[in-house]
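Asks: show me how the following folds:
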Amino acid sequence: LFEGTAAVELHEHFAEEAVLAGLVRTTNENLSKAITGEQTEATTLYPGFAKRATAVGDTAAAGYFRDTAADEAKHATAFQQALNQLH
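Replies: Below you'll find the predicted structure:
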């Protein structure tokens, strides 16, 4: 019941509200914005978290954040490839 309700909220209500709020743009605009966000996460956000975790001796968290940064870089690359295919 909860999973079904959450799916409706995410895939129907949230999506419709995003359109009404003007958050949904063209595919080019959406991909460009996503690329910028993923690159920032890969190069600044998660490496910064990793640095902080390392500074306090939390090697597990630091490793997690480094792995997450690598994932975000892959996302940026995939979005860039998709954008390139549109042109």
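Asks: and the helix or strand bottoming out on mean pLDDT in the chain, what's buried?
Replies: The helix or strand of the chain with the poorest confidence is helix 15-20; it has a mean of 89 (mean pLDDT, DSSP states H and E). Using 16 or more other Cβ atoms under 10 Å as the burial criterion, none of the residues of helix 15-20 qualify. For every residue, glycine as well, the C-beta is placed using N, CA and C.
Asks: all helices of the protein, in order?
Replies: For the chain, the helices defined by DSSP state H occupy 2-8, 15-20, 27-40, 46-55, 59-86.
Asks: mean pLDDT lowest for which of the ones you listed?
Replies: Sorting the helices of the chain by mean pLDDT places helix 15-20 lowest, at a mean of 89.
Asks: quick check, distance from that one to the centre of its chain.
Replies: 19 Å (Cα atoms, centre = their mean, to the nearest Å).
Asks: any residues touching it, and which ones?
Replies: In this structure, residues lying in contact with helix 15-20 by Cβ atoms under 8 Å, 6 or more residues apart in numbering are V24.
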